[in-house]
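Enquirer: Sequence first, then the predicted structure, then my questions.
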Amino acid sequence: MVKDKKIIIAGPCAIESKKQVFSIAKEIHSNINFFRCGVWKARTNPYSFSGVGLKALDWAQEIQKKFNIKCAVEVGTVEHVQLALKHKIKTMWLGARTTCNPFIVEQISSCVKNKDVEIWIKNPIFADMKLWFGTIERFKNKGVSNIKVIHRGFFSESKEKYRNPPRWDLVVEFKKKYPEIPLICDPSHISGNKNLIRELTNQAVKYNVSGFMVEVHENPENALSDSMQQLNLTEFRKFLSNLK
C-alpha cells in the first residue's frame, strides 16, 4: 500500500478480459490504495465498447481477495449497486453523467442508505456546481459519511487543449464549500491524452488535491476504450516516481 500522503486510484478504463485485469492488478496493486474497475461503461455512442458487465464483478471480487486491495466500480443504476454489494464491492463512484441526474442520484443514494459503503462523486459534465453539491447532500442525508469527489474536468464547446478543461477556479470553490471531503484529481479524463498527464498532475498538486485517479492498461494502443489517455505499466511507474 502506498505510504505517502496522496491517495492513488488506478486501473483500466474498462475490464476487457480476466487475463487483462489480473495482469494489471498484479503489477500495480502494491503501489495503490484502490484498484479502479470499469465494469459498465456509459458510452455516448451505443456501438462503442461498454464493458463486459456482470462477469467482471466476479473478477473484481477475486482481485480483492487475492491482492488484498479494495476495488472500486462505477455505478449508474440501482441494479449496479446491488450487484456490486453482492460481490463484496463496497467502493463505488458515480460518473459525470449520473451526477447530472437527480432522479438517479436519489435512487442510488436511497439504495445505500445507512450501508457500510464508500461513495465517490465525479463532477457533472457541465460546470453546474449546484448539481455536484446536491449529489453530495443526497448521500449525506442518507447516512453515507464516507464520501470522496473526483475532479474529472468539464465539457467545453470550444476547442481546448484538454479533453475536459479542469476549471481550477471551480476546484477552489468546491474546497471552500466542503474542505473536509477529499478531492481526487482524474488527469486521465481531464487530458484525454496521456502525454498531458504529468503537467496536469503538477497543476493539481498546487491546489492541494488529496490524490489521483489514473487509467492504466498493459497495452493501451490496443485498449477497447480511451486508448489515448491510458498509461502503460512503465509510464505508471514514472507517474508515481514523479509524484515523489
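Expert: Noted; the coordinates are in hand.

Enquirer: residue contacts, Trp59?
Expert: Residues in contact with Trp59 (Cβ atoms under 8 Å, 6 or more residues apart in numbering) are Ile15, Lys18, Val21, Phe22. (Each C-beta comes from the backbone N, C-alpha and C, glycine too.)

Enquirer: Kindly recompute the last result at 6 Å.
Expert: Each residue near Trp59 by Cβ atoms under 6 Å, 6 or more residues apart in numbering is listed here: Lys18, Val21.

Enquirer: From the chain's centroid, how far away is the helix or strand where it lies?
Expert: Assigned by DSSP states H and E, Trp59 belongs to helix 54-67. Mean-position distance between helix 54-67 and its chain equals 17 Å (Cα atoms, centre = their mean, to the nearest Å).

Enquirer: Can you name the next helix or strand after that helix?
Expert: strand 70-74.

Enquirer: what lines up beside that following strand in the sheet?
Expert: Next to strand 70-74 in the sheet, as set by DSSP bridges, lie strand 34-37 (parallel), strand 91-94 (parallel).

Enquirer: Let me have the ones you listed in JSON lines, adding mean pLDDT and distance to Leu131 as columns.
Expert: Formatted as JSON lines, these follow (pLDDT from 0 to 100; distance: least, Cβ to Cβ, whole Å):
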{"stretch": "strand 34-37", "mean pLDDT": "96", "distance to Leu131": "23"}
{"stretch": "strand 91-94", "mean pLDDT": "98", "distance to Leu131": "11"}
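
Enquirer: For stretch 98-105, which outside residues touch it?
Expert: With contacts defined as Cβ under 6 Å, 6+ apart, stretch 98-105 is touched by Gly76, Lys122, Pro124, Leu131, Thr135, Arg138.

Enquirer: Helix or strand: which one has Ile104?
Expert: Element membership for Ile104 (DSSP H and E) is helix 102-111.

Enquirer: can you tell me which residues contact the spatially most central residue of the chain?
Expert: Centre of the chain computed as the mean C-alpha position; nearest residue by Cα atoms, centre = their mean is Met213, 5.8 Å away. Met213 sits next to Ile9, Ile150, Ile184, Asp186 when contact means Cβ under 6 Å, 6+ apart.
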